[in-house]
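# Here is a sequence together with a model predicted from it:
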Amino acid sequence: MRLEVLSAVRRRGLADADVLRTADILESFRIGWYPVDAPLARGAAQIATQFSLTVYDAAFAALAVRLDAELVTADRKLATSGACRIRLLGA
């Protein structure tokens, strides 16, 4: 899910060098990164169709379900979908 972070940073209009630096900084954090394997992709597709989400957004929900974790997001549509345990940032 590194791409989501980098995409958000790029959308904020940071300079190219800052986006690249962010990619390097992400690797210095002790974050558990999870690959999108076949079962996770299938779970994302199922959640996407069931809750009218993009498969991309549903992948985060599917991972939260797999990890029995709460998903924290600023995406109101995802947060109100009911796809998993979700907390809306700023709420």
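It's in.
# Identify the residue nearest A45 in space, chain neighbours excluded?
Closest residue to A45 in three dimensions, ignoring its sequence neighbours and counting by CB to CB, 6 or more residues apart in numbering: V55, at 5.9 Å. Bear in mind the C-beta positions are built from the backbone N, C-alpha and C, glycine included.
# show me what contacts that neighbour?
Residues in contact with V55 (CB atoms under 8 Å, 6 or more residues apart in numbering) are A44, A45, A48.
# How much space separates F51 from C84?
Counting by CB to CB, to the nearest Å, the gap from F51 to C84 is 9 Å.
# Can you work out which residues contact both of those two?
Here F51 and C84 have A61 as joint contacts, going by CB under 8 Å, 6+ apart.
# quick one, domains of this protein?
Per the record's domain assignment (automatic domain parsing), the chain is made up of the domains 1-33, 38-88.
# would TSV of the ones you listed with mean pLDDT be doable?
Output for the domains of the chain, formatted as TSV (pLDDT from 0 to 100):
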stretch	mean pLDDT
domain 1-33	89
domain 38-88	96
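# Going along the chain, name the helices of this structure.
Ranges of helices in the chain, per DSSP state H, are 2-11, 16-28, 38-51, 55-67, 76-79.
# The residue most central in space within the chain - nearest residue in space that isn't next to it in sequence?
Closest to where the C-alpha atoms of the chain average out (CA atoms, centre = their mean) is F60, at 4.3 Å. Spatial nearest neighbour of F60, chain neighbours left out: L71 (5.7 Å); criterion: CB to CB, 6+ apart.
# Lovely, talk soon.
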